[in-house]
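> next comes the sequence, and after it the predicted model I'd like to discuss.
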Amino acid sequence: MTILLLSGCTTIEKDADNKNLLDNRTEATDITEETMNGYVLHIDTETRVVNLNISNWVNRGKTEVNDVMHAQEIAYSENTTFLDEKGSVVHPEDFKIGEKLAVLLVPEMTSTGDETATFAGKIIQLTMSKEEKLNRFLAGSDNFHTVVLYEEGTRPPYDEMDFEKHVPESFSGGISWVPYIEGLAVDYKDELGLDKLPVILVFDRNEIVFQTETLEQLKLWSSENR
């Protein structure tokens, strides 16, 4: 009889665990177009505040979008649930800059005044597509976007005057100077298969189309492809 009782208890515990896992998965996947989402700009685990760039979410469905960044400060508490898309528990201290999060809100009033603070009931860590990871690099038009990627704390190998002198056509699609920073949610070296920096990268709307270390090679490529 004792053995049967222990076995029954174990079954009940397993059933409860399975139910909790199923509930978590339901919560994690209960995301619609109206669910606020964005990319982590900053997180302070002491004050329990995360700042998100929610520009894409704010501009969803719009045909004309300005260049203004929309940021939102989200407060959370010990009662906030943190999950990934599979329903597994995650922790805010593990979030990195650039991480994509969905936020299920619980509006409350701040205790310090009449301003309304945005509180999170659930925060869900989302998986980013390759397009999302490379969004800041991809061309926004039919012209090519040129990116100079270099190590943080070092000087870029070429500046605007160099491009103006040697490859002025690069300005038609825009040129960005981007420092490579370790520890971000997206590691551009890994994502693009880069062995060393600095490097000049050229992107169309969908992917990288050319890379080189010199303006001379970029000029040659541009003469054949622009």
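Here it is on my side, so go on. Fair warning: this is a prediction, and the values are worked out from it, not measured in the lab.
> got the domain ranges for this structure?
Per the record, the chain has its domains at 10-127, 132-225, by automatic domain parsing.
> mind putting those domains in JSON lines, mean neighbour count and mean pLDDT included?
The way it works is simple: take the backbone N, C-alpha and C, and place the C-beta from them, glycine included. Putting the domains of the chain into JSON lines (neighbours: other CB atoms under 10 Å; pLDDT from 0 to 100) gives the following:
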{"stretch": "domain 10-127", "mean neighbour count": "14", "mean pLDDT": "81"}
{"stretch": "domain 132-225", "mean neighbour count": "15", "mean pLDDT": "96"}
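> helices or strands up against whatever helix or strand Q72 lives in?
Using DSSP states H and E, Q72 falls within strand 71-75. If contacts are counted by 3 or more CB pairs under 8 Å, 6 or more residues apart in numbering; DSSP states H and E, strand 71-75 sits against strand 36-44, strand 49-53, strand 116-125.
> tell me which of these sits nearest to D67.
D67 lies closest, by CB to CB, to one member of these: strand 49-53, at 12.8 Å.
> got a list of contacts for the closest one?
The contact list for strand 49-53, computed with CB atoms under 8 Å, 6 or more residues apart in numbering, reads 36-44, 69-76, 92, 95, 101, 103, 123.
> what's downstream of that strand, the next helix or strand?
helix 55-58.
> could I get the helices and strands packed on strand 71-75 as a markdown table with distance to A139?
Compiled in a markdown table, those are given as follows (distance: least, CB to CB, whole Å):
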| stretch | distance to A139 |
| --- | --- |
| strand 36-44 | 20 |
| strand 49-53 | 20 |
| strand 116-125 | 28 |
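> to P168, which of those strands lies closest?
Short answer: strand 49-53, nearest of these by CB to CB, at 31.7 Å.
> for the closest one, which strands pair with it and how are they oriented?
Here strand 49-53 is paired, per DSSP bridges, with strand 36-44 (antiparallel), strand 71-75 (antiparallel).
> check which element follows the last one along the chain.
Per DSSP H and E, strand 71-75 leads on to strand 81-84 as the next helix or strand towards the C-terminus.
> residues contacting the helix or strand just after that following strand, please?
Scanning forward in sequence from strand 81-84 by DSSP H and E, the next helix or strand is strand 100-105. The set of residues external to strand 100-105 that reach it, using CB under 8 Å, 6+ apart, is 30-31, 35-40, 50, 52, 74, 95, 118-128, 132, 185.
> ok, 7 Å please
With CB atoms under 7 Å, 6 or more residues apart in numbering as the test, strand 100-105 has contacts from 31, 35-40, 52, 74, 118-126, 128, 132.
> stretch 142-159 now?
137-139, 170, 172-181, 188, 197-204, 209, 215, 226.
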